[in-house]
Structure formats: C-alpha cells, structure tokens
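# Provide a 3D model corresponding to the input given below.
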Amino acid sequence: MIWDIYYKLLEDDYINEKAGNNIKFYKYPEPKDVKETHIIIDPLDPPKPSDFADDTWLTDDYLLQIDVWSKDMAERDEIAKKIQKIMWKMNFKRLPGGVDDHDEDYDIFHDARRYRGKAYRKDFNNL
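Numbers count the residues shown, from 1 in each chain. The predicted structure is shown next:
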C-alpha cells in the first residue's frame, strides 16, 4: 500500500516538483539535514484483516501517518492539503490529532496527519 500512496503522490505535479525526490518510508530526517521539503510515509500498524464474507477476509485495514517537513510554511500546508485530498480519493480518512509544529532551532515546519483506510486484498480476484 505504501508504494500505491507513493505513486499517487508523484502524480500530483506540485508534490512531485516540491518533494518528489524526498518521499521516504519509515525513516525520518534529522532536522539539521532538512534543506528541502520531505514527505515521510510511516505505517503505524501492520495491515489487519477486515470485511469478512464466507470465512474469508476481503480487505486490509491500514493505519499510517504522513509527515511533511519544509522550510516554507505555505509550501508545507499546500502539500499537506494535497496529500489529504489524495488520501481521500484512495478511501483513507484523516483521523483526529496530528502535529503542526515549528522547530525554531532549524527553522523547519512540520505537519503530521494520520489516516485509516481499507483496500481490497491484492489477491482478491484469486480467492
């Protein structure tokens, strides 16, 4: 699923231009190393079986967090909004909470949002 999200983010011209080379999984950058905008896709829990029929699970339930780190607050906000729209189209709903932060030492703006969604199993057509 993280690769599906990655490729959907790259389809957006603005995200691709501003952070396309810095979309990562799991690994957060050191604040001192952030010179360009970064997006981090971080699964918070392994996928869980969901939506059952005839003793078979049909979908996987995902919980993940997507962080945006940027030196530019407006750019961070625009990217975070675009990510939220992309996630909505992928049937991921934003959860309450998150992070809206500014690291004064390194002058970095940080936005973290959590999403939960379901996707049909990759082997669904072979069940």
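# Helix or strand for Asp51, just tell me which one.
Secondary structure assignment for Asp51, by DSSP states H and E: strand 38-53.
# List the neighbouring strands of the helix or strand following that strand plus their orientation.
Scanning forward in sequence from strand 38-53 by DSSP H and E, the next helix or strand is strand 56-70. If you go by DSSP bridges, strand 56-70 pairs up with strand 38-53 (antiparallel), strand 108-120 (antiparallel).
# Can you list the neighbours in contact with the strand holding Asp51?
Contacts to strand 38-53, defined as C-beta atoms under 8 Å, 6 or more residues apart in numbering, come from residues 1-2, 5-6, 9, 15, 19, 22-29, 57-70, 79, 83, 114, 118. Quick note: C-beta positions are derived from backbone N, CA and C, even for glycine.
# of the residues you listed, buried ones?
Among these, the ones that count as buried by 16 or more other C-beta atoms under 10 Å are 1, 5, 9, 15, 19, 22-23, 29, 59-70, 79, 83, 114, 118.
# residue with max distance from the center of the chain?
Distance to the chain centre peaks in the chain at Asp54, reaching 32.3 Å (criterion: C-alpha atoms, centre = their mean).
# can you tell me how far it sits from Leu127?
9 Å (C-beta to C-beta, to the nearest Å).
# And Gln84, by the same measure?
For Gln84, the distance to Leu127 (C-beta to C-beta) stands at 32 Å.
# ok so, going back, of all the strands paired with strand 56-70, which lies closest to Gly97?
Of all the strands paired with strand 56-70, strand 108-120 sits nearest to Gly97, with 6.6 Å by C-beta to C-beta.
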